[in-house]
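Colleague: Any chance you could fold what I've pasted below:
(2 chains)
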2 protein chains.
Amino acid sequence: VVIIATTTRFADVAADIEAAVVAGSNVLVSAEECAYPFAIDEELANRLDALAVARDVSICGCGVNPGFVFDALVLTVLGATDSGCEIAVSRTVDLSDFGHSVLRRIGIGLGADQFRAAVQNGDIFGHAGFPQSMHLVAFALGLNIDTIDKQLEPIVADAPVQTRSKFPIACGQSVGVEQIYTAYVNGKAWFRCRFLGHAALNQTKLAALDRIELCREGVLERFVEIRPGINPQMGSQNMIANSIERIIAARSGWVNVASLMPAYPSPTLCG
Amino acid sequence: VVIIATTTRFADVAADIEAAVVAGSNVLVSAEECAYPFAIDEELANRLDALAVARDVSICGCGVNPGFVFDALVLTVLGATDSGCEIAVSRTVDLSDFGHSVLRRIGIGLGADQFRAAVQNGDIFGHAGFPQSMHLVAFALGLNIDTIDKQLEPIVADAPVQTRSKFPIACGQSVGVEQIYTAYVNGKAWFRCRFLGHAALNQTKLAALDRIELCREGVLERFVEIRPGINPQMGSQNMIANSIERIIAARSGWVNVASLMPAYPSPTLCG
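Modeller: So this is what the prediction gives:
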């Protein structure tokens, strides 16, 4: 099994994936876009899928997001619940331990206008995996997504904020980001994904948590909550490590978490 | 696919399973003991497993409990979390819509001494699936269970209770049951399963919910909560219906939810 945990974009890891497949390896990729690459570049994804089938190996993109909170866990819960509901998943993450360069990259410390301009011109794009989770779940359930509405807004500090890592945030600058994507099916909002990241979460009333809501005609029917939410770094490392057994067991080709057994610490590898 | 949803005991459905397998069908069984039949009658389970392999079909026991709350969902969550934790799962169920004969069978309406005597002589045995969930998760993680400690106690009414279905419960009689099983690994409590069923839950401060706790050295590290908890009847029906696709896709033999893709409404069957 080759593990590729380098970057976000399918295009940037495709050559590494191809080299691994040609060498006869199964491949686990942490790149967000690889959770459902057919939504990004169908031709390239189909080519690598066919190559993996020909070499009798499997490729899978997975981590916590995509790979768990917004897709695998959603599908797992749907198995026990009545079908036909709308889905809303919200993930609140404490960014206070993130490095300064990561915080800068996601737009922390900008004025609201600066932030919005950076979103406009594509310098800030938020979390990259929501369309993948949405397409993955839609494909598993046999639904077709019409459109995905995308919003990315700053959470603006109304006083200077001292973050744990001493990242400077002045009054009026962004101390967090709120990203909300909504996928529409048959003209109706079907799946809402929300990411809220905050650089000083413990100074707010918010808590780090993952929450799945199942609604019917807009009314909340049931929710699933994980407290504290899965840690972004450790969670993704765990998901990758715990996917080694299942990528070996998987059918050949480009697979996704909808068709894989659950990830969990394997006795073969840990024992 | 043949669906067998009749009773609880492996011994009571084994002949039906065998007939279906011999006829060349995949089999889904709701019988609690069939979630991990190797823990009940290893010889019989091995024989049916070999028969299913020979006929190239699959057998799986699943429902909500066992099949989801205490095993599949636990394993799914373990994929994203750090390994080596202790597990506690608690399920609180509102029994107020259950029929009188079911309530009588599980021991509602008995005096505390009567209840305990009925537990002693095996007339009341509580939920039958905990050892299956425990063995299933232990096997998946490569652990060996030393012993399972079993407790089943009545919840005694301190005043007469009027249940929704007019089942009569006098002061001093059982209005609910609390069942706690604890599995030990290497001499330490590793997995605790708790079922609390109450015939008038809405007259208490309790809520119908499913809760998974992951602890380390006895300290709560993370919990997953489903509110309201999965409905026992509808949940099991959904799990069985949503397992048709995955039992067809499964490797041949007697499989369990640790090695199956998630259950969810299949486009092939619903579309």
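
Colleague: Phi and psi next, for whatever residue of the stretch 101-250 of chain A ends up closest to chain B.
Modeller: Closest residue of the stretch 101-250 of chain A to chain B, Cβ to the nearest Cβ: residue A:142 (2.1 Å). Just so you know, the C-beta spots here come from the backbone N, C-alpha and C atoms, and that holds for glycine as well. For residue A:142, the backbone dihedrals (degrees, to the nearest 10) come out as phi 80, psi 30.

Colleague: Disregarding residues adjacent in the polypeptide, which is nearest to it?
Modeller: The shortest distance from residue A:142 to any residue other than its chain neighbours is 2.1 Å, reached at residue B:267 (Cβ to Cβ, 6 or more residues apart in numbering or on different chains).

Colleague: So what's the residue count around that neighbour?
Modeller: For residue B:267, the neighbour count with other Cβ atoms under 10 Å in any protein chain shown is 14.

Colleague: my guess is it contacts residue A:141, does it?
Modeller: Yes: if you go by Cβ atoms under 8 Å, residue B:267 and residue A:141 touch, sitting 6.2 Å apart.

Colleague: what does the model give residue A:3 for pLDDT?
Modeller: If you check residue A:3, the pLDDT there is 96.

Colleague: Which stretches in chain A count as strands?
Modeller: Secondary structure of chain A (DSSP state E): strands located at A:2-4, A:27-29, A:58-61, A:86-94, A:147-156, A:161-162, A:168-169, A:174-185, A:188-198, A:209-216, A:219-227, A:253-255.

Colleague: a markdown table please, covering the ones you listed and showing distance to residue A:69 and mean neighbour count.
Modeller: What follows is the strands of chain A, written out as a markdown table (distance: least, Cβ to Cβ, whole Å; neighbours: other Cβ atoms under 10 Å in any protein chain shown):
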| stretch | distance to residue A:69 | mean neighbour count |
| --- | --- | --- |
| strand A:2-4 | 20 | 18 |
| strand A:27-29 | 18 | 27 |
| strand A:58-61 | 15 | 26 |
| strand A:86-94 | 6 | 22 |
| strand A:147-156 | 18 | 16 |
| strand A:161-162 | 26 | 16 |
| strand A:168-169 | 27 | 16 |
| strand A:174-185 | 14 | 21 |
| strand A:188-198 | 9 | 21 |
| strand A:209-216 | 5 | 18 |
| strand A:219-227 | 8 | 17 |
| strand A:253-255 | 19 | 22 |
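
Colleague: And the ones you listed, which one averages the lowest pLDDT?
Modeller: Of all the strands of chain A, the minimum mean pLDDT falls on strand A:161-162 (a mean of 91).

Colleague: residue contacts, residue A:10?
Modeller: Contacts for residue A:10 (Cβ atoms under 8 Å, 6 or more residues apart in numbering or on different chains) come out as A:31, A:33, A:34, A:37, A:40, A:41, A:44, A:45.

Colleague: What is the neighbour count of the residue of the stretch 101-250 of chain A closest to chain B?
Modeller: Residue A:142: 13 surrounding residues under other Cβ under 10 Å.

Colleague: Contact residues of the stretch 51-200 of chain A facing chain B?
Modeller: A:64, A:68-69, A:72-73, A:75-83, A:140-143 (Cβ under 8 Å from any Cβ of the partner chain).
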